[in-house]
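1. sequence first, then the predicted structure:
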Amino acid sequence: MLIDWFKYQRQQFTEAFSFKEYDLSKSEDQRRTALLTFIMFTGVIFLVPFGLYALYNCSYVQGLADLSAAIMITALEPYLRIKKKIEFVASIVVILFSILFVYLIISDEGSTSGHIWSLIAPVCVLFLIRGKKGLYYTLGFLATVMLIFALDIPEGRYDLYFKIRYAGAFSAILIIAYLLESARRKTLIAYKQKNKDLSTIVRELERKDAQLVESIGKYRVLFERSNDAIFLLDKLNIIDCNDKTLNIFGYTKEEILKMTPVELSPEYQPDGKLSREKIKDFFELARINGALRFEWLQKNKTGHEFYADTNLHIVEINKRQFIFVTLRDITSQKNTEQMLIKSKNEAEKSERLKSEFLAQVSHEIRTPVNAIVNLSSILKSDLENKLSQEDLIAFNAMEGSASRLVRTIDLILNMSEIEAGAYQPVFKDIDIASEIIEPLITVFSSLAEEKKLKLKFINELKNPFKIQMDHYTVSQSILNLIDNAIKYTNKGEVTVHLHSNGNVAVDVIDTGIGISKEYLNRMFAIFSQEDQGYSRRFEGNGLGLALVKEYCKINRAVIKVESKKGVGSKFSIIFSNTITSD
């Protein structure tokens, strides 16, 4: 037990006076406990010998007082060591020593040394009993001593000069101790606040550092797993690269880090310029613009050359500029492009051949057909009075078939021209009523009369009324619509309605057979007809409406259709051009 007690005292002594162990990071209670333990230990060490010595010299009161104080201090130690009642123990120790010091001052037992011991009271008390409470304890002790001096209880032992010196020394020590303790406490408070702030900063830095490490890890994974070759340049020196770079070029990382981009390129680029000169120009452009993208001919370790889509980016790291390079092998893409160009050229050549073929065929077919038609007309005219009814029907069939053949050829050639993009429209201001619709009405009047149909033209525009358009394509579009309306109408009428509701519109309305809902969505497709096969009731090749739609696009117009089976149809061409009038 005694050994443990001495070990504990030694530990507290070290806590109180070792600069190595005693630092501001320790708690206030730890420091107070350590100093209080040291004072109690020191008091016991001094009080026991002095008490025994006093008893030996027959100073029984002094001896009993010293030993009683030592016993009481020792009895207080469990309250401090085990129960941690620092305030209680500190107050009792201060009171005990204060009583002992007062006794030493007023008695002869202390051999006039009591006042010297009492001078340590301000320093110890202000630390053990903090704040104003400690100051009041110390001032109370000083007031008690001064009262003793004033009443001259020591009976002339201290002269006035001694009393003044004692009061001055005690007051000076008290003031210095109070100021030092105040400064220490303010420093401790400031330190704690700074330590708290620093702890907050450290935690934030640790958090950001963890985020940075995580981000670096993520970017490193992206860097290494990228499908593009990536390397970092310091001027023209490669300082880092990913695995894809090694795979593409066939070098080890140690080899490639000793190389420059020039060494990864052939001597000349496809335009005939030296790679080493051209790459300097590109790097300079990247520095000026911050980034640059271009195609570059690369060369791997085996000497194989390939095209790469290359991107340069200027990045700043630690206030230094580096060049971040990404490149992707586009050899297959270049090959595909070459194949596409070749295919395009072949397609254009094929299209030209097709156009030439169709033009030649058209000429070869039209010439004999026109000859047949002309000769047929001459024969019919010459023999008109001698022909039987059957002969007239034969002549009419010949003329109709020839016209049908010519019209079919015209439609095929026109569609071919549109698909090839060879048609060149001529836009000018045209009075659509007088220049297009009225002539068509005249042309189709006889055909309508043959089928006993009424062909009407309703014009709601003020004449003359002009709109910018291509004459041929608009005329052919309305011609096709009127022709179809008459063809598919067996009784009733066909009406051409010209009007404006913000935009000029031409409606071709018939009372014909109508169109089914199922067919409406595909009626403008090439070679599309509602009735298919040789058993269909009406002639035609399915190109007319497809051409109308294309012609409308050329004139920035749209075509719409409304129809009901067995009731009739309404086709509308709506122009979006700016309308002008004279």
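-> Thanks, I have the structure now.

2. ranges for the helices of the stretch 151-300 of the chain?
-> For the stretch 151-300 of the chain, the helices identified by DSSP state H, counting those that start in this stretch occupy 160-225, 243-249, 253-256, 275-289, in order along the chain.

3. most tightly packed of the ones you listed?
-> Of all the helices of the stretch 151-300 of the chain, helix 243-249 carries the top mean neighbour count, a mean of 18, counting by mean count of other C-beta atoms under 10 Å. Bear in mind the C-beta positions are built from the backbone N, C-alpha and C, glycine included.

4. which secondary structure elements does that one contact?
-> In terms of contact count using 3 or more C-beta pairs under 8 Å, 6 or more residues apart in numbering; DSSP states H and E, helix 243-249 is assigned the packing partners strand 229-234, helix 253-256.

5. redo the helices of the stretch 151-300 of the chain as TSV? Include distance to I153 and mean pLDDT.
-> As requested, the helices of the stretch 151-300 of the chain are exported to TSV (distance: least, C-beta to C-beta, whole Å; pLDDT from 0 to 100):
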stretch	distance to I153	mean pLDDT
helix 160-225	12	75
helix 243-249	96	87
helix 253-256	95	89
helix 275-289	95	88
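
6. quick one: which of the helices and strands packed on helix 243-249 is nearest N501?
-> Closest approach to N501 among the helices and strands packed on helix 243-249 is made by strand 229-234 (61.3 Å; C-beta to C-beta).

7. now do the helices in the stretch 351-500 of the chain.
-> Using DSSP H, counting those that start in this stretch, the helices assigned to the stretch 351-500 of the chain run over residues 389-419, 432, 438-450, 471-487.

8. name the helices or strands packed onto the first one?
-> Pointing back at helix 389-419 there. helix 331-382, helix 544-554.

9. make a markdown table out of those helices and add mean pLDDT, distance to I164 and mean neighbour count.
-> Shown next, in a markdown table, are the helices and strands packed on helix 389-419 (pLDDT from 0 to 100; distance: least, C-beta to C-beta, whole Å; neighbours: other C-beta atoms under 10 Å):
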| stretch | mean pLDDT | distance to I164 | mean neighbour count |
| --- | --- | --- | --- |
| helix 331-382 | 75 | 106 | 12 |
| helix 544-554 | 86 | 120 | 20 |
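
10. need the ones you listed in a markdown table (columns: distance to S388).
-> Shown next, in a markdown table, are those (distance: least, C-beta to C-beta, whole Å):
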| stretch | distance to S388 |
| --- | --- |
| helix 331-382 | 13 |
| helix 544-554 | 35 |
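
11. out of the ones you listed, nearest to G140?
-> G140 sits nearest to helix 331-382 of all these, at 97.1 Å, using C-beta to C-beta.

12. buried set for the top strand by length along the chain?
-> With DSSP state E setting the assignment, residue counts place strand 305-317 as the longest strand in the chain. Buried residues in strand 305-317, counting neighbours by 16 or more other C-beta atoms under 10 Å, are found at 306-312, 314.

13. related to what we said a few turns ago, show me the one of the helices of the stretch 151-300 of the chain that comes nearest E438.
-> Of all those, it is helix 275-289 that lies closest to E438, at 62.8 Å by C-beta to C-beta.

14. which residues touch the closest one?
-> For helix 275-289, contacts defined as C-beta atoms under 8 Å, 6 or more residues apart in numbering pick out 236, 261-262, 265-269, 292, 294, 297, 312-314, 321, 323.

15. from those residues, pick the one nearest K253.
-> Nearest to K253 among the contacts of helix 275-289: P261, at 15.9 Å, using C-beta to C-beta.

16. hmm, back to that, which among the contacts of helix 275-289 end up buried?
-> By neighbour count, with 16+ other C-beta under 10 Å, these hold 261-262, 265, 269, 292, 312, 314, 323 as buried.

17. quick one: which of those sit in strands?
-> Secondary-structure check on the buried ones among the contacts of helix 275-289 using DSSP E: residues within strands are 292, 312, 314, 323.

18. and the residue lying closest to the second one once chain neighbours are set aside, how far from Y551?
-> Taking C-beta to C-beta, 6 or more residues apart in numbering, and ignoring the residues beside it in sequence, L312 has A286 as its nearest neighbour in space, at 3.9 Å. A286 sits 51 Å away from Y551, taking C-beta to C-beta, to the nearest Å as the criterion.

19. could you do I279 as well?
-> Look at I279 and Y551: by C-beta to C-beta, they are 54 Å apart.

20. again, but for L379
-> With C-beta to C-beta as the criterion, L379 and Y551 are 37 Å apart.

21. hmm, I437 is touching V504, no?
-> No: counting by C-beta atoms under 8 Å, I437 does not reach V504; the two are 11.5 Å apart.

22. care to break the protein down by domain?
-> When the chain is parsed with automatic domain parsing, its domains come out as 2-196, 226-329, 343-417, 424-581.

23. V561 is in contact with G514, correct?
-> No: in terms of C-beta under 8 Å, G514 does not count as a neighbour of V561; the distance is 10.7 Å.

24. and for these two, which residues touch both?
-> With contacts taken as C-beta under 8 Å, 6+ apart, G514 and V561 have S569 as neighbours in common.

25. neighbours around K83, how many?
-> The local packing of K83 (other C-beta atoms under 10 Å) involves 10 other residues.

26. for it, phi and psi?
-> phi -90, psi -10 (degrees, to the nearest 10).

27. per-residue confidence for it?
-> Note on K83: pLDDT of 72.

28. ok, now which ones touch it?
-> Contact criterion C-beta under 8 Å, 6+ apart gives no residues in contact with K83.
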